[in-house]
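A.B. asks: need a 3D model of the following:
(6 chains)
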Protein chains: 6
Amino acid sequence: MELAEFASRLDEELRTADYADIDASANGLQVGPDEGELEHVAFAVDGVAETFEGAIDADADALVVHHGISWGGFDRVTGRKYDRIAPLIENDVALYVSHLPLDGHQDHGNAAGVADVLGLENRSPFGELGPEYIGQRGTALESYSLESLCDRLESELDTGDRQVRGLGFGPEEISEIAIVTGSGTDWLEEAVDARVDALVTGEGKQKVYHEAREAGINVVLAGHYATETFGVQSLQELAGEWGLETTYLDVPTGL
Amino acid sequence: MELAEFASRLDEELRTADYADIDASANGLQVGPDEGELEHVAFAVDGVAETFEGAIDADADALVVHHGISWGGFDRVTGRKYDRIAPLIENDVALYVSHLPLDGHQDHGNAAGVADVLGLENRSPFGELGPEYIGQRGTALESYSLESLCDRLESELDTGDRQVRGLGFGPEEISEIAIVTGSGTDWLEEAVDARVDALVTGEGKQKVYHEAREAGINVVLAGHYATETFGVQSLQELAGEWGLETTYLDVPTGL
Amino acid sequence: MELAEFASRLDEELRTADYADIDASANGLQVGPDEGELEHVAFAVDGVAETFEGAIDADADALVVHHGISWGGFDRVTGRKYDRIAPLIENDVALYVSHLPLDGHQDHGNAAGVADVLGLENRSPFGELGPEYIGQRGTALESYSLESLCDRLESELDTGDRQVRGLGFGPEEISEIAIVTGSGTDWLEEAVDARVDALVTGEGKQKVYHEAREAGINVVLAGHYATETFGVQSLQELAGEWGLETTYLDVPTGL
Amino acid sequence: MELAEFASRLDEELRTADYADIDASANGLQVGPDEGELEHVAFAVDGVAETFEGAIDADADALVVHHGISWGGFDRVTGRKYDRIAPLIENDVALYVSHLPLDGHQDHGNAAGVADVLGLENRSPFGELGPEYIGQRGTALESYSLESLCDRLESELDTGDRQVRGLGFGPEEISEIAIVTGSGTDWLEEAVDARVDALVTGEGKQKVYHEAREAGINVVLAGHYATETFGVQSLQELAGEWGLETTYLDVPTGL
Amino acid sequence: MELAEFASRLDEELRTADYADIDASANGLQVGPDEGELEHVAFAVDGVAETFEGAIDADADALVVHHGISWGGFDRVTGRKYDRIAPLIENDVALYVSHLPLDGHQDHGNAAGVADVLGLENRSPFGELGPEYIGQRGTALESYSLESLCDRLESELDTGDRQVRGLGFGPEEISEIAIVTGSGTDWLEEAVDARVDALVTGEGKQKVYHEAREAGINVVLAGHYATETFGVQSLQELAGEWGLETTYLDVPTGL
Amino acid sequence: MELAEFASRLDEELRTADYADIDASANGLQVGPDEGELEHVAFAVDGVAETFEGAIDADADALVVHHGISWGGFDRVTGRKYDRIAPLIENDVALYVSHLPLDGHQDHGNAAGVADVLGLENRSPFGELGPEYIGQRGTALESYSLESLCDRLESELDTGDRQVRGLGFGPEEISEIAIVTGSGTDWLEEAVDARVDALVTGEGKQKVYHEAREAGINVVLAGHYATETFGVQSLQELAGEWGLETTYLDVPTGL
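C.D. replies: Sure, this is the predicted structure:
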């Protein structure tokens, strides 16, 4: 498949253009020529030296990641920016990035993947950001306790050596659950207004402790990396259906 | 002591005015009348419902905290803002806040307290923010390994049930150490340029993993709360010297 | 009635949300808890210490005003801000504010009240501000002279010891009249374009003299306070219909 | 005298350049050619059609005013802008403007003129605006009552048919007096902090009533026009000393 | 015809209001009174002293130009601004300006005029600027070579002593042609995306050389003045149809 | 020599940091690794595909240019950005850029080079941009006519097939000359105020014709490329003195 065709199919599927105004990440193709042929595509959560090396070792023609290398633009290709971009160019590996579009996609997205793990039903978009959503909510048919919710996530997610942390300030029976993967505690207020029993996210700054306590809601911090492996793996499946060879590069950070 | 006198002594000691342009926190007196007498002052890291209740129970006339309730201004005294401010007013407890001025104070500050714990010498300011500093660096006479550095912090800091986490991407012998308490990973680049062996901070977003790996530096995440108890406790000592009765309210978040 | 219910009924009636982007005033509930019961509501033009004391003396549970205490946000509850907010909190008096929504309401609004006094017919919105209006225009069936117009206002409005001032630079027979209460001289140009015979407002800066002269229009300055008692009194009536006990606190400034 | 020479002498005397960043008025020469000779100069408070006609009738070569026609720039010379500028150009009358520089000048300024009328001693600058001052304060050797202060101003100033208004919320004996002419109530807070007994200004918006009441200070509103005749008349004297024929055009607005 | 009627007919024909947000030029009437009668109108590309003198010599009542005197507003009518405006006012010549609206008009516009010269068919708007277009594209039935294209323009346009310059980096046979008159090289990218064979414009900064070379497109620089005589001449025709006497003032700059 | 050492010597010589706030160009090293050895450096006016190919063909380790590839930052390394950056990375050619610092340098700069060609004496900085200068002025001992000035430039500069253009609106004898290379007509006003006889620059937009005419000054347009070869050639000499092998890549644009 042509690289341009591949990028444009993903852009369409993920509605990349709709997120342009709300995402600091420059989504879509970040590094690559106008012309080029793809046979083998690698997938990873983070676009960093370690996964770039992995993609080169795997002889991939492109790497699709959730976290890219361009956040708000850059002025130079020097220093660590050079160290990241040069290997891609020298080894003809294109870099495709999908940040918020991949968080919010209601089928292929990260939150959708966590909702699958938790067996949620009656799904609907959650996590407003401007005119878009970057998460999902749903109902657990059989309610969880905070402990069983944490256990479920710890056993199903790739948490590295990190422990899933539960802040138990809400109801004991948890069935309505909102999910914003990665750093999602800015949506605590929306979760409270939506009257869900728990907000599941990846990582949270210190102040979420007291915010959750005063709002009377359960919060689960399951790891930034751990909650964000689903989106790129779902795209990997899609690429397989398009006839491409694929590789997943697992580099858990434990954060 | 007059409340106004107390606030103005702290403002002077902490150089509150110098941080006005670089700190989103409205430092200084945040809640309180122009006139009022102080006998008993409470101290805590976080200015939240839980510590407000503690100050009221302790019959304190004022509460001094590191994290206040005003970040960028507010429009209304309603909802949780009302729930926090009303008890202070109803119980005549003034609220004094010192955020970055207390991070950066080279004697009373949070980083200075962590440096004491680590036994650092040859101290100098670290962590540039505009024209000010919000951290400190120094040299350990006997070098640490990453493990012994984490152990030392875990035994001396109030980490709640959180584990000190070390990202071992730098030299094995650690003697030059930079400290920015709380959320300090934005100063990773400065730490690399300063050629220190490790950056000690509280909490870090997921991306710090790969940034540290590619920069070749050790990073220690010892907890946001745990690294920020020193400043307010140092002010507590100062208030004691001024003849005031004092109480420390310990509410570790484990984050 | 629940305080929340009361605030939300007023917000709906006055379309508070529609004015959010064009009004520096934080309209709606400005001080008050999420929960609380109302029996008695006081009403006043200005939300200031004098009316706060009045509301407390009247044993009111809430005070509804046109001019509140939050214009563009504040950072601290100290000084005069403390002196105003503390009595409200200590005496459980909530503060509800409606500034431009109450100027512009075509039935309950301040301009509508002045138009009633002047007996105007064929009313339509006047005083564009972004997508909204903050005044009203209409036709006097029997035309006024400038003198009779001033006299009419002086006798019907609560002008304190202030004299209604007429700038007679327009037609002698005045039947088409535009009204923007309070400080409305910024709408002089719109009044000229609308070919009305007179603009009635509250107060005007010095330059309105020559602007009116050169534009050839009559301007009447009837007092800021005097032209703005109608809105809150109309809401008082509404509250009475909702079964609440009400009090009007008259504190004319003569300005 | 050359027009350019005249403008440049005034700019130097009034330090026009120092006010460039804090004044919306484009001070200095606003309308006029690079070359031209002056014999006769008119002076007025307001630069408006009425005074432009006066200057033309008086056969003046230039008009010096406090309030000019350029506030923040304009895009076109059409409509009323044309009606004002065209007569100046057609009759070869240049327009020189000095707004804040003339308010704040400690000898020739408007506040200095009011201080003369009140017989104040120990004068010092008052009314901070960025790095400059736009008013003056001083001490009355024999203290005034509010009534005698108002009477003094009413008898000495050109108030038209407007009454000097006193808001008596401060001490009964008034000796320390701060003056900001025109619209000066934004400096009420500075007057309170400076512990003066009264603030004398020209006009005030309605809210000054309660601000003065709660701050416990006397405020005198003596008229915008009435307090601002001094500056241009002082410049008129200066021009006379430079050998120019001069005329003062008195057009009181009563506002 | 009334001046106001003339200006408003042109504004409507040219959709002046639609360009207000995207054009630095204050389009429409720039100098002139609200009332005035027109018999004779002059037309020129540039609104400058030379054409103002021409209009006065021709005894015109108004001058219509493409480049006016107000770009982003001005603060004073002094210096060269006075030298330009004063003669207009003294001789009762109104100034009407149409910049981008006249570039983009698909019938009367500058690009449309160049397209006529080149005999293009299947015309459509080209040159996006916000929601509007400022150029035109079309197809030459018989294809040009770069040389014949330059020759054609050189013979038909008023290029002064300037040579039409062709940058031959695109296909040898040129049939699809995009036109943005004046300074149009910012639309090179759009021309490439539109897959036209050549972009015809007036003047180009030095960097267009390499941009054209790397993009593989022909660029023709035919002169800023030379490509922009069409719009005002088309308006001249229109004015003639409205019964007005007209004059065209040709002042080629050779730039 | 180390690449880092080379870049840092140039940065110091050219005072790169002082121009950071006034130049859209990201001056200094734009593409290149932290470590690398230099033996051979190429120099060119424009950093474009053509000179990149030239540098690669010449087997250079770095290319120093006046116009780089980063103006205000970029988000992606794709399309033509990829086409420019990839060859540099694949062939280990670093890119060093100096835009305004090289225009303004009083010895090595572009304007200084033009002044040498014209034999100017009594040189001083000209062309204010914020706190810096980007041009130079001086006195010709024997005065030029406009024609002889144009001839001199045409014979000494690499103008490609472009003709030096003189706008003869100033004095016939030209001895005081101001120079701003490239696009320098924004400094026309400064040249008039400085009372020089002519402004020599590279290229000018159409409006400079009438601006020069009305200001009464001579303007010479000698070509953007042609006036900007001096700076990089002066740096080439410097690099030769530092013991490096050097190549100059001449790609005149004729613009």
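A.B. asks: rest of the way, CA atoms for contacts and neighbours
C.D. replies: OK.
A.B. asks: okay, buried residues for stretch A:149-169 please.
C.D. replies: A:149-150, A:153-154, A:157-159, A:162-169 (16 or more other C-alpha atoms under 10 Å in any protein chain shown).
A.B. asks: in helices, which of those residues fall?
C.D. replies: A:149-150, A:153-154 (DSSP state H).
A.B. asks: let's have these in JSON lines, adding pLDDT and distance to chain F.
C.D. replies: Below are those laid out as JSON lines (pLDDT from 0 to 100; distance: C-alpha to the nearest C-alpha, whole Å):
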{"residue": "A:Leu149", "pLDDT": "98", "distance to chain F": "40"}
{"residue": "A:Cys150", "pLDDT": "97", "distance to chain F": "39"}
{"residue": "A:Leu153", "pLDDT": "97", "distance to chain F": "36"}
{"residue": "A:Glu154", "pLDDT": "95", "distance to chain F": "37"}
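A.B. asks: which one of these is nearest E:Arg15?
C.D. replies: Using C-alpha to C-alpha, A:Leu153 comes nearest to E:Arg15 of those, at 60.7 Å.
A.B. asks: what's the distance between the residue nearest to the spatial centre of chain A and chain C?
C.D. replies: Central residue of chain A (C-alpha atoms, centre = their mean): A:Glu228, 3.5 Å from the mean position. From A:Glu228 across to chain C, the span is 36 Å (C-alpha to the nearest C-alpha, to the nearest Å).
A.B. asks: quick one: contacts of the longest strand seen in chain A?
C.D. replies: Looking across chain A with DSSP state E, the single longest strand is strand A:132-144. By C-alpha atoms under 8 Å, 6 or more residues apart in numbering or on different chains, the surrounding residues in contact with strand A:132-144 are A:18-19, A:100-101, A:103-106, A:110-112, A:115, A:118-128, A:173-181.
A.B. asks: make it 7 Å
C.D. replies: A:100, A:103-104, A:111-112, A:119-128, A:173-180 (C-alpha atoms under 7 Å, 6 or more residues apart in numbering or on different chains).
A.B. asks: and for stretch A:89-104?
C.D. replies: So stretch A:89-104 is contacted by A:14-16, A:19, A:23, A:25, A:27-32, A:56, A:60-68, A:88, A:109-111, A:133-135, A:231, F:86, F:90 (C-alpha under 7 Å, 6+ apart).
A.B. asks: report the buried residues of that stretch.
C.D. replies: Quick answer for stretch A:89-104 (16+ other C-alpha under 10 Å): A:89, A:91-104.
A.B. asks: and stretch A:12-22, by the same measure?
C.D. replies: A:14, A:16, A:19.
A.B. asks: now the strands for the stretch 1-150 of chain A?
C.D. replies: A:28-32, A:40-46, A:62-67, A:77-78, A:94-97, A:120-129, A:132-144 (DSSP state E, counting those that start in this stretch).
A.B. asks: can I get those strands in a markdown table with mean pLDDT?
C.D. replies: Output for those, formatted as a markdown table (pLDDT from 0 to 100):
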| stretch | mean pLDDT |
| --- | --- |
| strand A:28-32 | 98 |
| strand A:40-46 | 98 |
| strand A:62-67 | 98 |
| strand A:77-78 | 97 |
| strand A:94-97 | 98 |
| strand A:120-129 | 98 |
| strand A:132-144 | 97 |
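A.B. asks: so of the ones you listed, which one's packed in deepest?
C.D. replies: Each of those was scored by mean neighbour count; the highest is strand A:94-97, a mean of 28, by mean count of other C-alpha atoms under 10 Å in any protein chain shown.
A.B. asks: kindly export it (C-alpha atoms) in PDB.
C.D. replies: C-alpha atoms of strand A:94-97 as PDB (Å, rounded to 0.1, in the frame of the first residue of the first chain):
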ATOM      1  CA  ALA A  94       7.700   6.800   8.400                       C
ATOM      2  CA  LEU A  95       6.000   8.000  11.700                       C
ATOM      3  CA  TYR A  96       2.200   8.200  11.900                       C
ATOM      4  CA  VAL A  97       0.700   9.700  15.100                       C
END
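A.B. asks: nearest to chain E: which residue in the stretch 51-200 of chain A?
C.D. replies: Of all residues in the stretch 51-200 of chain A, A:Asp75 sits closest to chain E, at 19.1 Å by C-alpha to the nearest C-alpha.
A.B. asks: revised request: answer the last question for chain A.
C.D. replies: Closest point on chain A to chain E, by C-alpha to the nearest C-alpha, is A:Asp34, at 12.2 Å.
A.B. asks: how near is that residue to A:Glu2?
C.D. replies: 10 Å (C-alpha to C-alpha, to the nearest Å).
A.B. asks: now swap in A:Phe169 and tell me
C.D. replies: For A:Phe169, the distance to A:Glu2 - C-alpha to C-alpha - is 51 Å.
A.B. asks: good, wrapping up.
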